[in-house]
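In: give me a model of this one.
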Amino acid sequence: MKRLLYLMLAILTFISSVNGQNVSVINGVWERGRAPETMKLYAIENGSLRELASSQVNENGGFLFAFSPKEEGFFVIGPNTLARNRYTFYFKPGDQLNVKILPDGSELFGENTPENIEMAKWHGFVEPMVVKVHGSGGSLGRGTFEDFFPLLVEKETAFNNYPAANTPNTKFNALFTDFKKADFTSLPVAYMFTMRSVHPTEEQFPDFYRNLSLEDLTKDDFLLGYPDGVDLISRVYMRVILGDTTITAEKRDQFLQNPASFILVDPRIKSPVIKGELALRFARNNRTTAGLNEFLSKYGNLIQTESQKERLRAIEIAIFANAEGNDAIDFSFPDQNGNMVALSDFKGKVVYIDVWATWCGPCKREIPHLLRLKEEYKDNENIVFMCVSVDASRDKQKWAEFIVAEDMSGVQLFAGDDAQKALMEPYNIMGIPRFILIGKDGRVILANAPAPSSNEIRAILNEALGR
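Out: Below is the predicted model:
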């Protein structure tokens, strides 16, 4: 007990000293089950989160941040960037926040600013929706639209009557209006992109979804200061397209195949800066200089600010580094018949490798495109299509049944529990699906090659084959 008193005294002394220097302080307590090792503080830049600081969480769940905001605005705290466990608050230089992270929601204690009292009230208002969308405590939400849609309708009525902020800070009061609108929009939209056991028909969607307005959301640049604001625009756009009954199935498929060709030319996205941020997001999907140059020839004029130009340069450098030219690191895994197959067995041929798993949704969405690609090159003996599953060894039977059910021909290998050391680490694979292109000479052409669904993959394969 005495140690705790000394610790609290030290914290209070520290807070007292730094507040005289316009340093903002967050004094927090984690009470949501097992505490994370660290809590993070994030700034919001260009519609994305950027980690500012990390705080160790002590045995009592306590954590502490002291930082100097360059200017007042919204900041995010949480153990990671996952939406369920993060909370947005507002800081001016010298502000103090005292907050508990509870099993369901958050709660302020002690002295807090009028702005964060308003933010805490808002968190409480949307918490029932947060639980339905992202789950309760440490568990994922498992409800269906039959649970969520009635809550959305009820909350939308309450939202339309939600009082405006009336703090002494007029700047915050105006920003809070935009924040509420963005936050209330993000939850129902996020719901549509979470895994559910039952899905609604178009007729079952509430009017909220039909009333989503790209013009309203992008009338200014506010979303660049909202957590995941650029992702929100992409998701709203997809929902608008999927819910538009006047669009043909063929055009909808074209959108899913190449969303950039739709969203980047749509006049409903009003903010040029937001459109530039979207262009940067799509630019990152290119894996070759040729592919990026083709993309920029169409949309490069959208990238206008100095910040966007600097980040585009970083993309160009990363793509250049991707053309490694080094000898491929060999690996050997069993195929569906139990025979060991090595990458080096195919030296003299171009090898296009798909690193995937049966539990990976994006991986499975690429399979039809990969099968079409294989069919196009079936008469060319100089190319091999190799799929390497990184499913856990316990799921080997599931993998075997899956490749039969999906009629996945070609070289099918199962890395299992050996994947991490033999494949993921050597090729610096941080996420899947991942595609790797190896040349006839056994050297890496692209360590992060375009996906089968990309517009540039055929030109790249043809170049590797010397066509």
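
In: which residues of the protein score low on pLDDT?
Out: By pLDDT under 70, the weakly predicted segments of the chain are 1-21, 136-142, 320-324, 467.

In: please redo it, this time with the cut-off set to 80
Out: Along the chain, the parts satisfying pLDDT under 80 run over 1-21, 135-143, 195-197, 287-290, 317-326, 467.

In: could you chop it up by domain?
Out: 2-211, 242-322, 332-465 (automatic domain parsing).

In: now do the SS call for the residue positioned nearest the centre of the chain.
Out: Taking C-alpha atoms, centre = their mean, the centroid of the chain lies closest to D231, which sits 7.6 Å from it. State at D231, reduced to three classes by DSSP: H, G, I helix; E, B strand; the rest coil: helix.

In: that one and L152: what is the separation?
Out: Between D231 and L152 the computed distance is 20 Å (C-beta to C-beta, to the nearest Å). From N, CA and C alone the C-beta is placed, and that goes for glycine too.

In: likewise for L446?
Out: 44 Å.

In: now swap in S197 and tell me
Out: If you go by C-beta to C-beta, the gap between S197 and L152 works out to 18 Å.

In: can you check D418 too?
Out: 46 Å.

In: swap in T167?
Out: 28 Å.

In: and E425, by the same measure?
Out: E425 is 44 Å from L152, where distance means C-beta to C-beta.

In: who has more neighbours, these two?
Out: Of the pair E425 and L152, L152 is the one with more neighbours under other C-beta atoms under 10 Å, namely 22 against 11.

In: the more buried one sits in which helix or strand?
Out: Take DSSP states H and E as the rule and L152 turns out to sit in helix 145-160.

In: before we move on, what about E215?
Out: Assigned by DSSP H and E, E215 falls in helix 214-217.

In: now do that helix: distance to the chain's middle.
Out: Between the centre of helix 214-217 and the centre of its host chain there is 21 Å, according to C-alpha atoms, centre = their mean, to the nearest Å.

In: can you check stretch 114-130 too?
Out: Relative to the centre of its chain, stretch 114-130 is centred 24 Å away, using C-alpha atoms, centre = their mean.

In: name the residues of it that are buried.
Out: E115, N116, E118, M119, A120, W122, H123, F125, V126, M129, V130 (16 or more other C-beta atoms under 10 Å).

In: for the closest residue to the third one other than its chain neighbours, list the residues it contacts.
Out: So that's E118. Nearest non-adjacent residue to E118, counting by C-beta to C-beta, 6 or more residues apart in numbering: A165, 4.8 Å away. Applying C-beta atoms under 8 Å, 6 or more residues apart in numbering, we find A165 in contact with E115, E118, F172, N173, F176, T177.

In: those strands in the stretch 201-350 of the chain, which residues are they?
Out: For the stretch 201-350 of the chain, the strands defined by DSSP state E, counting those that start in this stretch cover 332-334, 340-342, 350-356.

In: the longest one pairs with which strands, parallel or anti?
Out: Right, the one you point to is strand 350-356. Strand 350-356 has the following sheet partners, assigned by DSSP bridges: strand 383-389 (parallel), strand 434-438 (antiparallel).

In: which residues touch the last one?
Out: Right, strand 434-438. Counting by C-beta under 8 Å, 6+ apart, 328, 343, 346, 350-355, 427, 444-452, 460-461, 464 sit against strand 434-438.

In: and the first one, by the same measure?
Out: Where contact means C-beta under 8 Å, 6+ apart, the residues beyond strand 383-389 that reach it are 331, 333, 343, 346, 349-358, 370, 373-374, 377, 399, 403, 408, 410-416, 419, 423, 461, 464-465.

In: alright, that wraps it up for me.
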